[in-house]
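Asker: can't give you the sequence, but here's the structure:
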């Protein structure tokens, strides 16, 4: 039962992360009047998604002791949490500080402006870290699903 709860928790986080990257972020850039405003809105959502990527693997591993014994599960949970922590503690604060230091919206800076180039690198890092957390938690989801299926199968087998 606890493995099923862990499976649900990870699936919910993955669904929220996918919704953020596939609907919320593109939607914000499509409908808000400026890219700067859309970036601010998405910048408010992403910390919550990253925080979930720190908490969810810890909860999932704690809930599913049979999966916890798997080295792959421990590594993927650690990778997801670490990627999210790096984004939360290092990358996102640098993006926020850079935005605050620049008076004009980022897209008004010349492409060769070092601040715009730094923003591009930081943004790419944030995207990569989110992708890494999503990939790691997808692997954990598969491990949890396999464990739940094995448990269901063994409970039905007469011995």
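Answerer: Okay, I see it. On a predicted model such as this, the values are computed, not experimentally measured, just so you know. Numbering: from 1, shown residues only.
Asker: is it true that residue 105 touches residue 36?
Answerer: Yes - shown here, residue 105 and residue 36 form a contact pair, counting by C-beta atoms under 8 Å, at 3.7 Å. Yep, even glycine has a C-beta here, placed from its N, CA and C like the rest.
Asker: So residue 103: helix, strand or coil?
Answerer: Judged by DSSP: H, G, I helix; E, B strand; the rest coil, the three-state class of residue 103 is coil.
Asker: Tell me, how many residues neighbour it?
Answerer: Residues contacting residue 103 under the criterion other C-beta atoms under 10 Å number 6.
Asker: max-length helix in this structure?
Answerer: If each helix of the chain is counted by residues according to DSSP state H, the longest one is helix 114-156.
Asker: By mean pLDDT, point me to the weakest helix or strand of the protein.
Answerer: Among the secondary structure pieces of the chain, namely its helices and strands, helix 65-68 has the lowest mean (mean pLDDT, DSSP states H and E), a mean of 85.
Asker: Which positions in that one come out as buried?
Answerer: Neighbour-count burial for helix 65-68, counted by 16 or more other C-beta atoms under 10 Å, picks out residue 67.
Asker: next SSE after it?
Answerer: On the C-terminal side of helix 65-68, the nearest following helix or strand under DSSP states H and E is helix 71-86.
Asker: Packing partners of that following helix?
Answerer: Of the remaining helices and strands, those touching helix 71-86 by 3 or more C-beta pairs under 8 Å, 6 or more residues apart in numbering; DSSP states H and E are helix 35-63, helix 114-156.
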